[in-house]
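K.L.:
The following block contains a protein sequence and its predicted model.
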Amino acid sequence: MFLFAIGCAETDLGNNMSAAPTATETQTTPSQTKTKPTPTSSPTTKAAVTVEPNTPTPQETSTSAISPSPTSTNPPPAPTATPMPLSTPTPIPTPPPAHFLTQEEVEAALPDLNCSGWVQVPIGDITYYRACAADPDYEISVMGAPSNLSGGLCNIDSDPTVRFTAAPTDLSLIKVIVPPGSPSGGTIAGHSYLHSKAGADDETIRIPVYAPADSILSSMSYYISNGGDKNFYFLTFDMSCEISYKFDHLVELAPTIDEVAPGTAVESSATNSVDPPITFEAGELIGYTDGGTWDFGAFDTTHVNQFANQERYSRTRFSQAVHEICPYDYYDDSLKSQFYALFGNPGGDRVAVSDCSPAKDVLGSAAGQWFDSPDVESGQSMLGIAMQPGGIVEISSESSNMRVYPGNPTWLDLEQLTTAHCYASDGQWTYIEINTDGLQMQLANGDGDCPSTLPTDAVTYYR
């Protein structure tokens, strides 16, 4: 075997050095062949080649014939672009309370709010669905703004501690005051009745009515009485966002009110707002009644009356009854005692009264308000059953009243009537049977003596 070597370094020629060759010189030995390449100005790559026997010896070798291995060459780096910064999405701002991005969301939230409807509200670049279609409802139900008795946005001071400071009339002209909670016309009246004294020879006396506290006239109506023979003014006043009062059955108004009062009486006693409200000071004249009986009632929205079926009152047209109070309990002790001394029953008898609360419901008994339907939205008040001052049992419907006085053989305290009982008075009877849950009652009435059992034509009433 012969080895053929190609090198790029100069070969040591010893004493045989001669002029630089212009071609490659080859010295051959039995075991080695040396090749002296023509010097170049740049280094070349050394390589080893194995020559098999009988392989012809290359006659000429040039370093230019040696090419680098393709794998030894790195491709030039690819051009790189300057990286662009990633865009940060603009965060959606936190919406105000009860604002939603979809109609489905706002409608799902409405049942938990004490308002109705929705309205689209643009805020920045986003249009939200806001619960509560009316702005005052939103302020009250969602933002917690104070409301007045009618549920509207309160525009006066909030102060649940304000109290009455002046009598509503000249008390020497009052014969008796029937406190709140008296059955009348199929309802339990939440206000008091003031029975005026008659003049000489039953002459009608004009009874002045005064503002019992610093307050504003907020609403009023002018309506035709049930009998159609008289027209009355019904007025409501606000002392603060929480405390309100009302007068009914006035026939003449102070000039400041008369200027804005309706000129024609209508069938309904529903009030309309007075805008702007009229301000009164405690003791200032409001108007007159023409004697007889007139109403004075009050409300405190921080006070909650309890009923046998609270749902019936909490969110229906009866909701104001939840906040009815005894106005005489909102006077200082000196005036309060004067009013309590005038308390009595509708017959005109003055009797001691310890409870002036308007709420008379007692679950499981006959006492309280009864309706014609179990549906709390559509049910109408049909029967008011309560104890009058002096222990009088009174059962009042829209068309009739039955009064059973202590000493009557059929007399029974209404709170003790929890099963069945029949009352009789003045040739008439009323049979009452209470259902076991206390939320239903059957009632029948007629002439003569009490029947021994509930008649089959008894009518069902509901709490």
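P.N.:
Arrived safely.
K.L.:
Helices along the stretch 101-250 of the chain, start to end?
P.N.:
Counting by DSSP state H, counting those that start in this stretch, the stretch 101-250 of the chain has helices at residues 103-109, 135-141.
K.L.:
And the ones you listed: which comes nearest Val119?
P.N.:
Taking Cβ to Cβ, helix 135-141 is the member of the helices of the stretch 101-250 of the chain nearest to Val119, at 8.5 Å. For the C-beta atoms, the positions are set from N, CA and C on the backbone; glycine is no exception.
K.L.:
list the buried ones in that closest one?
P.N.:
Neighbour-count burial for helix 135-141 flags Pro136, Asp137, Tyr138, Glu139, Ile140, Ser141 (criterion: 16 or more other Cβ atoms under 10 Å).
K.L.:
Quick check: closest non-adjacent residue to the first one.
P.N.:
If I follow you right, that is Pro136. Sequence neighbours aside, Leu153 is the residue nearest to Pro136 in space, at 3.9 Å (criterion: Cβ to Cβ, 6 or more residues apart in numbering).
K.L.:
How many neighbouring residues does the one you found have?
P.N.:
The number of residues packed near Leu153 is 16, by other Cβ atoms under 10 Å.
K.L.:
Isn't it up against Ser147?
P.N.:
Yes: counting by Cβ atoms under 8 Å, Leu153 touches Ser147, with 6.4 Å between them.
K.L.:
between the buried residues of helix 135-141, which is closest to Ile92?
P.N.:
Tyr138 (21.2 Å).
K.L.:
residues contacting the closest one?
P.N.:
For Tyr138, the contact set (Cβ atoms under 8 Å, 6 or more residues apart in numbering) comprises Ala98, Cys115, Arg130, Ala131, Cys132.
K.L.:
which of those residues has the most neighbours?
P.N.:
Going by other Cβ under 10 Å, Ala131 tops those with 25 neighbours.
K.L.:
beta partners for it?
P.N.:
Beta-bridge partners for Ala131, by DSSP bridges, are Trp118.
K.L.:
Wait, it touches Gln120, no?
P.N.:
No: Ala131 lies out of contact with Gln120 (Cβ under 8 Å); the separation is 11.6 Å.
K.L.:
Let me see the domain layout of the protein.
P.N.:
According to automatic domain parsing, the chain comprises the domains 2-64, 99-141, 157-359, 360-463.
K.L.:
which one of the ones you listed has the lowest average pLDDT?
P.N.:
Mean pLDDT is lowest for domain 2-64 among the domains of the chain, at a mean of 40.
K.L.:
Now Gly384. Nearest residue, chain neighbours left out?
P.N.:
Pro183 is the one closest to Gly384 (Cβ to Cβ, 6+ apart), at 3.6 Å.
K.L.:
Likewise for Ser425?
P.N.:
Nearest one to Ser425, counting by Cβ to Cβ, 6+ apart, is Val404 at 4.9 Å.
K.L.:
same question, Gly186
P.N.:
Glu398 (4.1 Å).
K.L.:
Tell me how far that neighbour lies from Gln380.
P.N.:
Between Glu398 and Gln380 the computed distance is 9 Å (Cβ to Cβ, to the nearest Å).
K.L.:
swap in Ala134?
P.N.:
28 Å.
K.L.:
The two: who's more crowded?
P.N.:
Taking other Cβ under 10 Å, Ala134 and Gln380 do not tie; Ala134 has more neighbours (15 against 10).
K.L.:
Quick check: that one touching Asn114?
P.N.:
No: judged on Cβ under 8 Å, Ala134 makes no contact with Asn114 at a distance of 11.8 Å.
K.L.:
ranges for the helices of the stretch 301-450 of the chain?
P.N.:
311-314, 333-340.
K.L.:
ok, now which ones touch the residue nearest to Gly186?
P.N.:
Gly185, Gly186, Met382.
K.L.:
Between these, which sits nearest Val260?
P.N.:
Gly185 (29.7 Å).
K.L.:
Could you pull up the residues touching that closest one?
P.N.:
Taking Cβ under 8 Å, 6+ apart, one finds Gly384, Ser396, Glu398 in contact with Gly185.
K.L.:
Those into a markdown table, with extra columns for distance to Thr301?
P.N.:
Shown next, in a markdown table, are the contacts of Gly185 (distance: Cβ to Cβ, whole Å):
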| residue | distance to Thr301 |
| --- | --- |
| Gly384 | 24 |
| Ser396 | 28 |
| Glu398 | 29 |
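K.L.:
Okay, and which of the residues you listed map to strands?
P.N.:
Gly384, Ser396 (DSSP state E).
K.L.:
per-residue confidence at the residue nearest to Pro136?
P.N.:
Reported pLDDT for Leu153: 88.
K.L.:
Provide a list of residues in contact with Glu105.
P.N.:
Neighbours of Glu105 in contact, by Cβ under 8 Å, 6+ apart: Tyr129.
K.L.:
in the stretch 201-350 of the chain, which spans are strands?
P.N.:
207-210, 215-224, 231-238, 243-250, 252-253, 272-280, 285-289, 293-300, 324-325 (DSSP state E, counting those that start in this stretch).
K.L.:
Identify the residues contacting Arg312.
P.N.:
Phe318, Phe371, Val376, Gly379, Arg463.
K.L.:
follow-up on the earlier one: what is the burial count for the residue nearest to Gly384?
P.N.:
27.
K.L.:
And it, how close does it get to Met387?
P.N.:
9 Å.
K.L.:
quick one: common contacting residues for those two?
P.N.:
Glu394.
K.L.:
What separation do you get for Cys326 and His303?
P.N.:
10 Å.
K.L.:
again, but for Val106
P.N.:
In terms of Cβ to Cβ, Val106 sits 33 Å off from His303.
K.L.:
Pick out whichever of these two has more residues nearby.
P.N.:
Set side by side, Val106 and His303 show more neighbours around Val106, with 22 against 15, by other Cβ under 10 Å.
K.L.:
Could you double-check that that one sits in contact with Ala131?
P.N.:
Yes: with contacts counted by Cβ under 8 Å, Val106 reaches Ala131, the gap being 5.4 Å.
K.L.:
which residues are in contact with both of the two?
P.N.:
What both Val106 and Ala131 touch, as defined by Cβ under 8 Å, 6+ apart, is the set Ala98, Phe100, Trp118.
K.L.:
Dump the residues you listed to TSV, plus distance to Asn435.
P.N.:
Output for the shared contacts of Val106 and Ala131, formatted as TSV (distance: Cβ to Cβ, whole Å):
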residue	distance to Asn435
Ala98	42
Phe100	44
Trp118	41
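K.L.:
returning to that earlier point: next step: the contacts of Arg312 restricted to strands.
P.N.:
Short answer: these in strands (DSSP E) are Phe371.
K.L.:
which one of the contacts of Arg312 is nearest Ser215?
P.N.:
For the contacts of Arg312, the nearest to Ser215 is Phe318 (24.4 Å; Cβ to Cβ).
K.L.:
residues in contact with the closest one?
P.N.:
Arg312, Ser381.
K.L.:
Could you rerun that using 6 Å?
P.N.:
For Phe318, the contact set (Cβ atoms under 6 Å, 6 or more residues apart in numbering) is empty.
K.L.:
What distance do you get for the residue nearest to Leu443 when sequence neighbours are not counted to Glu107?
P.N.:
When the adjacent residues along the chain are set aside, Leu443 lies closest to Ile432, with 5.3 Å between them (Cβ to Cβ, 6+ apart). Distance, Ile432 to Glu107, by Cβ to Cβ: 45 Å.
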